[in-house]
Structures are given as C-alpha cells and as structure tokens.
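> sequence first, then the predicted structure:
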Amino acid sequence: MSVSSGGPAAAPAMRNGLAPAWGDLPGHRVEFGRDRPFRLDSGVELGPFTVAYQTYGRLNADKSNAILVCHALTGDQYVAETHPVTGKPGWWEMLVGPGQVVDTERWFVICANVLGGCLGTSGPRDIDPATGQPWGLSFPVITIADMVRSQKLLIEHLGIEKLFCVIGGSMGGMQVLQWATSYPDRVFSAVPIATAARHSAQNIAFHEVGRQAIMADPDWCGGDYLQQGRRPGAGLAVARMAAHITYLSEAALHRKFGRALQDRTGLSYGFDADFQVESYLRHQGSTFVERFDANSYLYITRAMDYFDIAAEHGGVLANAFRGSPTRFCLFSFTSDWLFPTSESRAVVHALNAAAANVSFVEIDSDKGHDAFLLDEPEFHATLRGFLAGCADHWSRGR
Amino acid sequence: MSGVAERAAAAALRVDLQIIADMIPEGARVLDVGCEDGALLAHLVRGKNVDGRGVELSQAGVNVCVSNGLSVIQGDADTDLGGYPSDVFDFVVLSQTLQATRDPKGVLADLVRIGRRAVVSFPNFGHWRVRWHLLTRGRMPVTRHLTYQWYDTPNIHFCTILDFLALCGEIGVEIERGLALDEVGRVQPYSAVGRRANLMAAQAMFVLRRR
C-alpha cells in the first residue's frame, strides 16, 4: 500500500475559533458501523462513525511490518509530521520517522485519533446525524476498550492480520495493554510505556479537578457551547495547567524555572504571573484550548478513569495475560509520579505469573511522566534493541 | 539478528557460565536470575534455541540485555521470583548470587519451585584460604575471589558447602549433581559434597530439584 501522509500544510481555517472541521484536516478517514452498529461498553450502539488516521512508511506485501502507535490523552494521529493545527513538530518525531527507532523505512506505522477525540475521529464535537446538532454530552461515554475495538476495525480494514507491534505511552500504553489482552493473537509484540493496568485513585482525582474546572466555566453551557457559539477556554486552560504539573517532576520544574521571575526584577505584590513557572503554565493552558475540545477532554479522561484490566478478569491481572503469545517490553521513568514504576512492575509481575515473555526497563530520568515524549537516549536505544530482537524472532517464526 | 548479541554469543563465555551452558539442553525454557549483561542468555538463545528470560538488578545490565534483544526484567531474586507459577521453566540459574540475597532459604525454595531444575553456584566460605585468613589475621577475609571489605560487601549471607547442603536437606531440595570449582571456575576432580570440597573448593555449583 502506498501512503500519503498529508504533509506539512498551513493551518486550515478554524471553526468557531476551535480546531478546524475534520473535513479540512489532512490524512485518511474511514467510516465504520453503518451496516453493523458498533456496541460500546456502555451498551449504547454507535454508528456510523469515523476514524481518522495517519500512516507512515509502506505496508509490505505480506502485511507483516505494521506498527500501531497509540496516542496519549491530548495526543493525536499526527505522530511524525508537522501538526496541521499548531504547526509544531509531530509529538513523537524523535522516535518515529525514517532512520529513527521506529524506522518508517522499515515499518508501516499507523496512528488513529481515538474514539471521542476531536481531530477527525467521531467525538462530542461532531454532528449527531439524528439531530443535526453537535453531539455534546449526548455522545455516549467511551472506554479504552471501545477505542481499541475501533482500532481493530481499522486494522482489519487495512487487511492486516497481525500487528508486528503495538506501542504507546500513558493512555497510549493503556490501549497497548488492552490490545494485548483483548486480541493477543493479533499482537506480536507490545510496548506499554509509562502506564498502568488501572487508573489510580490519585489520577482519577486529578482528572476530576480538570473536569470540574471545565464544567465550572459559564461558557461550557452544560456542554452545549458549540450551539451557543461560545467556548469554555478558561476552564479547559485550568484543566490543562493542573494536568501539566502532573506530567513534570519537582526536579524538572526546579531545573527549568526555580523561583525565577517573569520579565520583572521584583515581586509585583499582586496576582500577575510574577514567576516564570506561572507564566509557563498559563501559556500551556492558552495554547491547549486552541487545539483541543473541552467535551473531548471530559470523555477521554473518563475513559482513562474507567480503565481497569484486572476487573475484566475476575480481579486477577495475571488472568488477563494467560497463554499470551505476545512479547512485551515495558518502560517506566524514575521521576514519573503519575504512572510510577510500581504500576509497571505490577504489570510485569502479572505477566511473570502468566509465564508471558516480558522485558522491563526503568529509565533514570528527572523529566517526569513527559520523559516518554522527550530525548531519552537510553530509552530509545533499548527500544531499538527490543524491536530488532522481536523482528529476529518474527522472522524465525516464534 | 542483533549484531551485539551475535558477538556476545560468539565470544568465549566465562568458565563457570560455560559449565552451566553445557548442562542445558536445546530448546529448554530457562530463567537466569542475576543475568548481568546477558552473556549466558545470549549464548543459550542464539546457540541452543533456548526460550530464555532474565532478571537483573542493575539498570545498566537490563538495558544492555534488552538492547540485545533478550527478554529481561529489572528486579531481584528476593522480590521477583514469588510471582512465577510452579514448574514454568526447565532450568532456573542463580550464578554467584545466592550469598547476596536477603532470604537465601526462600530464594532457594522458589528456584526449585518455578524450575524443574535449578543451577546454583556460590563461593565457598569454608575454603582453606578463607579459614587461614581468619585464623592468622583475625580479620574478615579479603581474597582474590572475595574482594569486598566487610562494610561494603553485597554478600550478606555467606555459607560453606556443608552449610548449603544442610539447608538443602532441611527444605527438601535434592542434589542431582555437584561440581567443586577452583577460583577461576575450573572443575576439580573430587566430589563436591564432602569435607574435602568444603576445605579445597573455592566455589561450588549444584544442580538441584525439589524432592
């Protein structure tokens, strides 16, 4: 299959001051659920719906070189190209591309916007065909398993029997674990990075803070802001600011900002952004609202909160991996307090208990949870080796 | 195929690791606990088509192993063996590590539980050089083979061969085979399970199984 990846382009026209309508975004789109409704974990049937995705590289003749990349909460399908809305580099360009660790000269890389997302795959920002109005809160609640089921439809649509690898960090890692437990025979290798088999109470708590910030914004309008021609920018920005702190570490914040002042020589004795760290967070908040939909943020954080693989398997995580033929490699980062090493280790122990094939590496980094997106040579070198080893086993048929 | 692993497989193994490698049959399922840089695992995976897994404490060691395409987790014998099901490996290897564990008795029991056979090697604290050092100098022995000072040694549970054999008897572990080794790991011509080995052997290696 020859693939155009919708190269770098000027930002398309904005709709309601938000991200562009999906029709304007570069990339591939496929519709599912028209003939056969798509049953969600909630019991609601969704259909038809759209999955927007990007591909990089070339699928080989026997379709044996496909790698599915799963994106995190606020990521999207633009893994390795200039983002069509922000104009910034792809979120994993450091890892995915020609000659990179996930070498697109060798592998056919697929990444789909998650169900409930706001960059082309159906979500609360899209029009409900039944009403002709944006779904808003009438969009059904989705789960990580629903996201993965929609990705499986995409993989089948592309004619791929077995993925060489499914890889992703954070919420992307949750999808990797879901793939490996729901469809073990379709996943040759799995790389869950900086993730967990269930969302912790602390992480649900942080998400709730973000959701309450959005819902407390009068411009949220009970979720109907699109119809009202408004947008809850202040609430979404606060949600992003709070979340962003959890992606870093105290050491990283201190190294980057310390107590340095922003464009001033002394304290203002007021509530301006006196400190650089405040200015930085405000910037993170205000740029985020330009590219992300507030209702999508509610839905996707909810999907993460509901994630608990053991719960699907009688409360015993090891049962989820019984008889798994997949080769796993887990990564965690020492300063990640959102998805700490203990979470990865719990998955490793469950995999051991199921006698699965597993590697686990904890990378020494002070960059917090975000380390999986950053330049971490040890992480990249180890992942490169793991993929090479898997390719060797694949070619030997085991 | 990973070039580094190929080179590792082709390079000569340490003498004691070569002895272990020779014990393990083609295609076996092997867990190497304390696998260091994965030299033994790489040798077995590439050379004997073994389904090999490793556990290693040091991050540097794990990274080298995984980079070379080996299936290795970061962990240690004390905390990471309990989760494995019984009889899941044909061989579990614990090379020169037992004396560094917090709970050698529990570790030993786990080794023969998760492996149908366990290969365990350790330095013999009953060796005449150790005895001589303590007798003549009255200080904790520091030898060519045991180079640490008492305050910085990771080896917190030294034993003699006779101590080890007594523990095996106590917890129902059967000795299937024993080798007395000198300081560099060469096999000695005498039995590993007697008083002579306890005095003369610098190290010992045993193949164990549960009774």
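Nice, thanks for sending it over.

> dump the strand or helix carrying residue A:251 to CSV, restricted to CA.
In the assignment (DSSP states H and E), residue A:251 maps to helix A:250-256. C-alpha atoms of helix A:250-256 as CSV (Å, rounded to 0.1, in the frame of the first residue of the first chain):
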residue,chain,number,x,y,z
GLU,A,250,9.6,18.7,41.0
ALA,A,251,13.2,18.4,39.8
ALA,A,252,12.3,19.3,36.3
LEU,A,253,10.2,22.3,37.3
HIS,A,254,13.0,23.4,39.6
ARG,A,255,15.7,23.0,36.9
LYS,A,256,13.6,24.8,34.3
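
> remind me which residues of chain B are low pLDDT?
B:1-11 (pLDDT under 70).

> which residue, other than its chain neighbours, is closest to the closest residue to chain A within it?
At 2.2 Å from chain A, residue B:69 is the closest residue in chain B, using Cβ to the nearest Cβ. For glycine as for every other residue, the C-beta is placed from the backbone atoms N, C-alpha and C. Spatial nearest neighbour of residue B:69, excluding adjacent residues (Cβ to Cβ, 6 or more residues apart in numbering or on different chains): residue A:389 at 2.2 Å.

> and the residue nearest the centre of chain A?
Geometric centre of chain A, nearest residue: residue A:72, 1.7 Å, by Cα atoms, centre = their mean.

> residue A:311 - how many residues pack around it?
Here the number of neighbours of residue A:311 (other Cβ atoms under 10 Å in any protein chain shown) works out to 13.

> for the closest residue to residue A:186 other than its chain neighbours, give its distance to residue A:182.
Excluding the flanking residues, the one nearest residue A:186 by Cβ to Cβ, 6+ apart is residue A:162, at 5.3 Å. For residue A:162, the distance to residue A:182 equals 14 Å [Cβ to Cβ, to the nearest Å].

> and for residue A:229?
From residue A:229 over to residue A:182 (counting by Cβ to Cβ), the distance is 40 Å.

> okay, and the beta partners of the nearest residue to residue B:95 once chain neighbours are set aside?
In space, residue B:95 comes closest to residue B:121 once its chain neighbours are excluded; the distance is 5.1 Å by Cβ to Cβ, 6+ apart. Taking DSSP bridges as the rule, residue B:121 bridges to residue B:95, residue B:205.

> double-check residue B:121 against residue B:205; I have them as touching.
Yes: Residue B:121 lies in contact with residue B:205 (Cβ atoms under 8 Å); the separation is 4.0 Å.

> give me the common contacts of those two.
B:16, B:20, B:181 (Cβ atoms under 8 Å, 6 or more residues apart in numbering or on different chains).

> which of residue A:162 and residue A:182 has more residues huddled nearby?
More crowded of residue A:162 and residue A:182, by other Cβ under 10 Å: residue A:182, with 17 against 14.

> quick check: the more buried one touching residue A:148?
Yes: here residue A:182 reaches residue A:148: they are 6.1 Å apart, a contact under Cβ under 8 Å.

> for chain A, what spans make up the strands?
If DSSP state E is used as the criterion, the strands of chain A fall at A:28-32, A:38-39, A:45-46, A:49-56, A:66-70, A:96-97, A:102-103, A:108-112, A:127-128, A:133-134, A:163-169, A:187-193, A:327-333, A:357-363.

> alpha carbons of the last one, as CSV, please.
Listed in CSV are the C-alpha atoms of strand A:357-363, where the atom choice follows Å, rounded to 0.1, in the frame of the first residue of the first chain:
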residue,chain,number,x,y,z
ASN,A,357,7.5,-13.2,27.6
VAL,A,358,8.4,-9.9,29.2
SER,A,359,11.2,-7.3,29.4
PHE,A,360,11.0,-4.4,31.7
VAL,A,361,13.3,-1.4,31.9
GLU,A,362,13.2,1.6,34.3
ILE,A,363,14.8,4.6,32.8
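
> what parts of chain B come near chain A?
Counting by Cβ under 8 Å from any Cβ of the partner chain, chain B comes close to chain A at B:1-2, B:4-5, B:51, B:53, B:59, B:62-63, B:65-75, B:80, B:83-85, B:88.

> among those residues, which are in strands?
When DSSP E is applied, those are split such that B:51, B:53, B:71, B:72, B:73, B:74 fall in strands.

> ok, and the most crowded of those residues?
Neighbour counts for those (other Cβ under 10 Å) peak at residue B:72, which has 30 neighbours.

> for that residue, name its beta-bridge partners.
With DSSP bridges as the rule, residue B:72 is bridged to residue B:54.

> wait, what's in contact with it?
Applying Cβ under 8 Å, 6+ apart, the residues near residue B:72 are A:359-360, B:35, B:38, B:41, B:53-56, B:61-62, B:65-66.

> show me which pair in those is furthest apart.
A:360 and B:41 (15.0 Å; Cβ to Cβ).

> so which of the two has more stuff around it?
residue B:41 (30 against 26).

> quick check: that one touching residue B:52?
Yes: counting by Cβ under 8 Å, residue B:41 touches residue B:52, with 4.5 Å between them.

> mutual contacts of the two, please.
The contact lists of residue B:41 and residue B:52 share B:30, B:32, B:70, where a contact means Cβ under 8 Å, 6+ apart.

> weed out the non-buried ones from these.
Listed as buried from the shared contacts of residue B:41 and residue B:52 are B:30, B:32, B:70; burial here means 16 or more other Cβ atoms under 10 Å in any protein chain shown.

> how about the nearest residue to the last one once chain neighbours are set aside, what does it touch?
When the adjacent residues along the chain are set aside, residue B:70 lies closest to residue B:38, with 4.7 Å between them (Cβ to Cβ, 6+ apart). For residue B:38, the set of contacting residues under the criterion of Cβ under 8 Å, 6+ apart consists of B:5, B:8, B:32, B:54, B:56, B:61, B:64, B:65, B:68, B:70, B:72.

> and residue A:102, how far from chain B?
Remark: distance between residue A:102 and chain B (Cβ to the nearest Cβ, to the nearest Å) = 15 Å.

> at which residues are the strands of chain B located?
Under DSSP E, chain B gives strands at B:29-33, B:51-56, B:71-74, B:89-95, B:115-123, B:173-181, B:203-210.

> export those strands as a markdown table, with columns for distance to residue A:140.
Shown next, in a markdown table, are these (distance: least, Cβ to Cβ, whole Å):
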| stretch | distance to residue A:140 |
| --- | --- |
| strand B:29-33 | 45 |
| strand B:51-56 | 42 |
| strand B:71-74 | 39 |
| strand B:89-95 | 46 |
| strand B:115-123 | 49 |
| strand B:173-181 | 58 |
| strand B:203-210 | 54 |
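
> list the contacts of the spatially most central residue of chain B.
Most central in chain B under Cα atoms, centre = their mean is residue B:95, positioned 1.4 Å from the mean C-alpha point. Contacts for residue B:95 (Cβ under 8 Å, 6+ apart) come out as B:16, B:17, B:20, B:32, B:34, B:40, B:119, B:120, B:121.

> circling back: nearest to residue A:126 among the shared contacts of residue B:41 and residue B:52?
Nearest to residue A:126 among the shared contacts of residue B:41 and residue B:52, with distances taken as Cβ to Cβ, is residue B:70, at 46.2 Å.

> I'd say the closest one and residue B:45 touch.
Yes: Residue B:70 is within contact range of residue B:45, at 6.7 Å (criterion: Cβ under 8 Å).

> tell me how many other residues crowd residue 52.
Let's take chain A. 23.

> wait, I meant chain B there
Residue B:52 has 28 neighbours, counted by other Cβ under 10 Å.

> ditto for residue B:187
Applying other Cβ under 10 Å, we find 14 residues neighbouring residue B:187.

> same deal with residue A:65?
Using other Cβ under 10 Å as the criterion, residue A:65 is surrounded by 20 other residues.
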